[in-house]
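K.L.:
could you look at this predicted model? Sequence included:
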Amino acid sequence: MSKIWFTLLPGLLFGIGLAISGMTDPAKVVNFLDFAGTWDPSLAFVMGGGLATFALLRRVVLRRTAPVLGGSFPRSVDRTVDARLVIGSALFGAGWGLAGFCPGPAVANLASGHWEALVFVVAMLVGMRAAQLLFGLDRA
C-alpha cells in the first residue's frame, strides 16, 4: 500500500503545481507560443523551475544503488534519432500548439470538468494505443 502513496504523491504534487502556476489553462500555453502577439513567458519559468529541480534531485537519486521502492535503474538509454522519433516529436508539438494541452496539464485539467481536456486525453490514449499496435511498442 505504501508504494501506491509514493507514486501518487509526486503526481498529485505535479498536478497542484500545474494548477497553481496556471499551466492547466490552454490559453497560457498558446500565448507562450505566440511570440508576435500576446506572448506570455510564464511557461518558460515553470519549465525552468522543473528543470532546476530535476537537475538537483537527479544527482541525489543516482548516488543510490537502487530505487527506493525496489527494482533497478535503467541500464542504458537509446539515443538514436530516427524518423519515428522526429515524426512523434512533431506530432506532439503540433498537438500541444493547436490544443494548448500537453499530457500532464491535460490530465490535471480533467478535475476541472472541461470537456476539451477530456477530448484531448481520450485522443491521447487512442494515439498511444495505436502506436503500441502499429510499432510493437511495449508498455514500459
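P.N.:
Good, I have the coordinates. Numbering: from 1, shown residues only.

K.L.:
what helix or strand is the most centrally placed residue in the chain located in?
P.N.:
Within the chain, one residue has its C-alpha closest to the average C-alpha position: by Cα atoms, centre = their mean, that is Gly104, at 4.5 Å. For Gly104, the host element (DSSP states H and E) is helix 103-109.

K.L.:
contacts made by that helix with the rest, please.
P.N.:
Residues outside helix 103-109 that contact it (Cβ atoms under 8 Å, 6 or more residues apart in numbering): Phe14, Gly15, Leu18, Ala19, Met23, Thr24, Val29, Phe101, Ala117, Phe120, Val121, Met124. From N, CA and C alone the C-beta is placed, and that goes for glycine too.

K.L.:
what's the answer for stretch 26-45, then?
P.N.:
Contacts for stretch 26-45 (Cβ under 8 Å, 6+ apart): Ser21, Gly22, Met23, Trp96, Gly97, Ala99, Gly100, Phe101, Cys102, Pro105, Glu116.

K.L.:
count of neighbours near the nearest residue to the first one once chain neighbours are set aside?
P.N.:
In space, Ser21 comes closest to Val46 once its chain neighbours are excluded; the distance is 4.9 Å by Cβ to Cβ, 6 or more residues apart in numbering. Residues near Val46, counting by other Cβ atoms under 10 Å, number 18.

K.L.:
and Phe14, by the same measure?
P.N.:
By other Cβ under 10 Å, 15 other residues sit near Phe14.

K.L.:
where in this structure is pLDDT low?
P.N.:
The chain contains residues with pLDDT under 70 at 1, 138-140.

K.L.:
if we can go back for a sec, may I have the helix holding Gly104 exported as CSV, CA atoms only?
P.N.:
The C-alpha trace of helix 103-109 is given here as CSV (Å, rounded to 0.1, in the frame of the first residue of the first chain):
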residue,chain,number,x,y,z
PRO,A,103,-0.3,15.2,-21.3
GLY,A,104,0.4,16.4,-17.7
PRO,A,105,-1.8,19.5,-17.7
ALA,A,106,-4.5,17.7,-19.7
VAL,A,107,-4.8,15.0,-17.1
ALA,A,108,-4.7,17.6,-14.3
ASN,A,109,-7.4,19.6,-16.2
